[in-house]
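**Q** quick one, structure for this:
(one chain, ligands or ions: 1)
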Amino acid sequence: MRSLIARDRGLLWHPYAPLDGDAPYAVHAGNGVRLSLGAADGRGFEAIDAMSSWWSMIHGYRNPVLDQALQEQAGKFSHVMFGGLTHQPAVELAERLIAMTPDGLDHVFFADSGSVSVEVALKLAIQYQLGRGRPQRTQFLALRGGYHGDTFAAMSVCDPVDGMHAAFPSLVAKHHFLPRPPAARLIDGELLADPAEVAGWITALEETVARHRDELAAIMVEPVVQGAGGMHFYAPQCLAAARRVADDHGLLLIVDEIATGFGRTGKLFASEWAGIVPDIMCVGKALSGGYLTLAAMLCSARVARTITDSPLRALLHGPTFMANPLACAVACASMDLLLSSDWQSNVQRIEQNLAVALAPATNLGSVRDVRVLGAIGVVELAEAVNVPAVTRAALEHGVWVRPFRNLVYTMPPYISSPADVATIGAGITAAIAQAHG
Ligand code: PMP
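**A** Numbers count the residues shown, from 1 in each chain. All right, here's what the predicted structure looks like:
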């Protein structure tokens, strides 16, 4: 029998990778923060998942509470259409989300992935403007360095240069973009940036919106942390300004909390860094504790009322697996686990441990910057990462990472112990030293 990896190669597409790209590692088991992996050469590894399976697996693998929630729901019914039907896991999860998100978000649409929740958010913003009698407002103001997903509308608000616009020039809608908001650094619990740079960025925001207000439906941002577009931390004043300017010009503010939500930045939602409430919020990833694909779009009563009062009346979306009961049940358990745990202390501890554990990386010749915010640690290199070499070297030090561009980064599960975070920091530093010097 050929190995799993040999059978995978040429058969399965992996994210953003050619069919004949680098061989993947095969996962045999996950437990707590650890994965058991096998390499193409037959070598086995036990590694801490420093990626939390792309921000999602915050409570760890085989979490007994989440396992039980899943099994209980599977014993009732695993799926049912949401057209004309409802069920307890969906209602309870929506109630939990409304209670835990900033006051002013009142309604929930469940989607089956983050990208789809972004599609729904963009569609809702356009339907809102239509409902307000402004059908010409069909464009978005987004940020350079942003990332919002891989479906076409989501792609259109991703960074227009580093994103996929160039691959599909006639198919990706053209929108307006502002430069990345100025970088901020965490100092004594505050995210601080150069005040002159912040003022300059806000002026550009005001001018751009004033110039294009009649075409713009909404401002679309990742709050305070831009993830897949470069692991960039920015000044919360820029987010606060986006809220104010959107209000001044009749635009909606859409905040994509898919990566940042549920405590990752040290606040339950990163919007709290700026003390703002968006009109529309997208969440996903950690929502289901990483167990199943689930996302949600939340909106204010004002936005929802405009849709209900419009000739269309409905939000024009409805996927087959909308509000999947297994996913909603496990998400209810994930949210209860999060809120009943001392998540803030856990994230704060990880933040402090990451700062210490990654500090030695600043001494490496190849490293340009090391930054930490909440349970996110980023090592930025001066050159593109040799991904296969760094991945393999980190595994040899007991750590699973998936670098991209010039970034080796980590967002550990919240259950990571100080020793786990020390292993992650040491593994990342050693792997960069080995592969890049
Ligand atoms: N927005 C952000 C900020 C994300 O990080 C991601 C996923 N990387 C998405 C949207 C898209 O989510 P999904 O991959 O579940 O479609």
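**Q** now Pro223, nearest residue through space, not along the chain?
**A** Ala270 (4.0 Å; CB to CB, 6 or more residues apart in numbering). Every residue, glycine included, has its C-beta placed from N, CA and C.
**Q** how near is that neighbour to Arg43?
**A** Ala270 sits at a distance of 39 Å from Arg43 (criterion: CB to CB, to the nearest Å).
**Q** higher neighbour count, these two?
**A** Per other CB atoms under 10 Å, whichever of Ala270 and Arg43 has more neighbours is Ala270, with 28 against 12.
**Q** backbone dihedrals for the more buried one, both of them.
**A** When read as degrees, to the nearest 10, the backbone of Ala270 gives phi -70, psi -20.
**Q** hmm, Gly227 and it touching each other?
**A** No: with contacts counted by CB atoms under 8 Å, Ala270 stays clear of Gly227, the gap being 10.4 Å.
**Q** shared neighbours, these two?
**A** Shared contacts of Ala270 and Gly227, defined by CB atoms under 8 Å, 6 or more residues apart in numbering, are found at Thr260.
**Q** Val91: how many residues sit nearby?
**A** Other residues close to Val91 by other CB under 10 Å number 14.
**Q** and what of Pro418?
**A** 13.
**Q** state the distance from it to the ligand.
**A** 27 Å (CB to the nearest ligand atom, to the nearest Å).
**Q** Tyr147 now?
**A** Applying CB to the nearest ligand atom to Tyr147 and the ligand gives a distance of 5 Å.
**Q** in terms of helix, strand or coil, where does that residue fall?
**A** At Tyr147 the chain is in coil, as set by DSSP: H, G, I helix; E, B strand; the rest coil.
**Q** numbering from 147 from now on, please.
**A** Right, with 147 as the first residue, what we last looked at is Tyr293.
**Q** count of residues packed around it?
**A** Counted with other CB under 10 Å, the neighbours of Tyr293 add up to 22.
**Q** pick out the residue of the protein closest to the ligand.
**A** Closest contact between the chain and the ligand, by CB to the nearest ligand atom, is at Gly260 (2.2 Å).
**Q** my read: that residue touches Leu433, true?
**A** No: in terms of CB under 8 Å, Gly260 does not count as a neighbour of Leu433; the distance is 9.3 Å.
**Q** surely Thr537 meets His543?
**A** No: if you go by CB under 8 Å, Thr537 and His543 don't touch, sitting 11.2 Å apart.
**Q** more neighbours: which of the two?
**A** Thr537 (22 against 18).
**Q** so who does that one touch?
**A** Thr537 neighbours (CB under 8 Å, 6+ apart): Trp546, Val547, Arg548, Pro549, Ala577.
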